[in-house]
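> Return a 3D structure for these sequence lines:
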Amino acid sequence: MEVTALIEDTTINSELYAEKGLSFHIQRDEDRILFDTGVTGRFADNASELGIDLKDVDVTAISHGHFDHGGGLRRFMEINKASPVYLRTHSEGDHYFKGFTIIKRYIGMDKSLFTDYSDRFNLINEFKEISPDVYLLNNIKIKYPIPAGSKYLYKKEGNHFVHDDFSHEQMMVIKEDDGLVIFTGCSHHGVLNMVEASMEKFPKTPIKGLFGGFNFIGLPFFNHMAENKSNVENIGKKLLKYHIEKVYTSHCTGRKAYPILKDVMGDNVDYFATGSTVKI
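Here you go, the predicted structure:
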């Protein structure tokens, strides 16, 4: 399969847009899969520049109900008239960022999408095969601590704000003859817990690749790293123990945490910026 980063926080090509969001395009034989859509419609402009026709996308998955992963959906729906879109239940909920005890910012998705494209949306809450050997997993057990940055993320229930339990998050796993490829979005459940969930569902199956952000950022506008250096190092060491062939990380892993991971993991990890493409 070929995986391309349509958009993320940085870019390897000055002709391409970057934004603090995430979108991957996956081509696998004749199947074309879209995983997340970034903040705006700019991922579609990048796709065009990269020679990827979004009209050909067969199936779409949104990792969770935050605007930096589903914000470009309206633009996608206008381009592609057929692809079903799979989200986890509660993706349409009221999600907020809250910092310094008083700052509140809505970070959920555009609610009107769920009315305007109700025939295209599939809200699921179970293990689901959305294309041959392409699966969505959402039963993610918490064996390891969730990322420290999660303390800034809330959902609104009635008139009250409560910490987000990320019941709107899912992950995608593609199973091939020689192993699994995992896509995590933001890893709000914790990247180690998500890898464990994949291994539990597909025991004794090697992992060829892991793509996504690891949510080490706390306050994005300050480039603040929520995890301490020791925690990031330990996560890198544990990732190595899974013998994943290659880890491709980006977005909410953050510019400060990535070098720490790189020091620990060496050639086993690379940064996957806008415009990056890899065959795996």
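> My read is that residue 67 contacts residue 108, right?
Yes. With contacts counted by CB atoms under 8 Å, residue 67 reaches residue 108, the gap being 6.5 Å. From N, CA and C alone the C-beta is placed, and that goes for glycine too.
> count of residues packed around residue 158?
7 (other CB atoms under 10 Å).
> and if you look at the one 10 residues further on?
Residue neighbour count, defined by other CB under 10 Å, stands at 26 for residue 168.
> Contacts only, for it.
By CB atoms under 8 Å, 6 or more residues apart in numbering, the residues touching residue 168 are 64, 65, 87, 88, 89, 90, 91, 93, 95.
> Rebuild those residues as a markdown table, extending it with distance to residue 45 and pLDDT.
Below are these laid out as a markdown table (distance: CB to CB, whole Å; pLDDT from 0 to 100):
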| residue | distance to residue 45 | pLDDT |
| --- | --- | --- |
| 64 | 23 | 97 |
| 65 | 24 | 97 |
| 87 | 23 | 97 |
| 88 | 28 | 96 |
| 89 | 31 | 93 |
| 90 | 30 | 91 |
| 91 | 25 | 94 |
| 93 | 29 | 92 |
| 95 | 26 | 95 |
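> Out of these, which comes closest to residue 267?
Checking these against residue 267 by CB to CB gives residue 64 as the nearest, at 29.8 Å.
> Over to residue 230. Which of the three states is it?
State at residue 230, reduced to three classes by DSSP: H, G, I helix; E, B strand; the rest coil: helix.
> For it, give its distance to residue 90.
33 Å (CB to CB, to the nearest Å).
> again, but for residue 72
In terms of CB to CB, residue 72 sits 20 Å off from residue 90.
> Compare these two and say which is more crowded by neighbours.
For residue 72 versus residue 90, neighbours defined as other CB under 10 Å are more numerous around residue 72 (25 against 19).
> Excluding covalently adjacent residues, which one is nearest to the more buried one?
residue 37 (3.4 Å; CB to CB, 6 or more residues apart in numbering).
> cool, residue 253 as well?
residue 214 (4.5 Å).
> Residue 145 reaches residue 190, doesn't it?
Yes. Counting by CB under 8 Å, residue 190 is a contact partner of residue 145 at 6.6 Å.
> Those two: which is more packed in?
Under the criterion of other CB under 10 Å, the comparison of residue 145 against residue 190 puts residue 190 first, with 22 against 13.
> List the contacts of that one.
Counting by CB under 8 Å, 6+ apart, the residues that residue 190 touches are 142, 144, 145, 146, 147, 215.
> Next one: the first one relative to residue 196, how far apart?
This means residue 142. When CB to CB is the yardstick, residue 142 and residue 196 sit 10 Å from each other.
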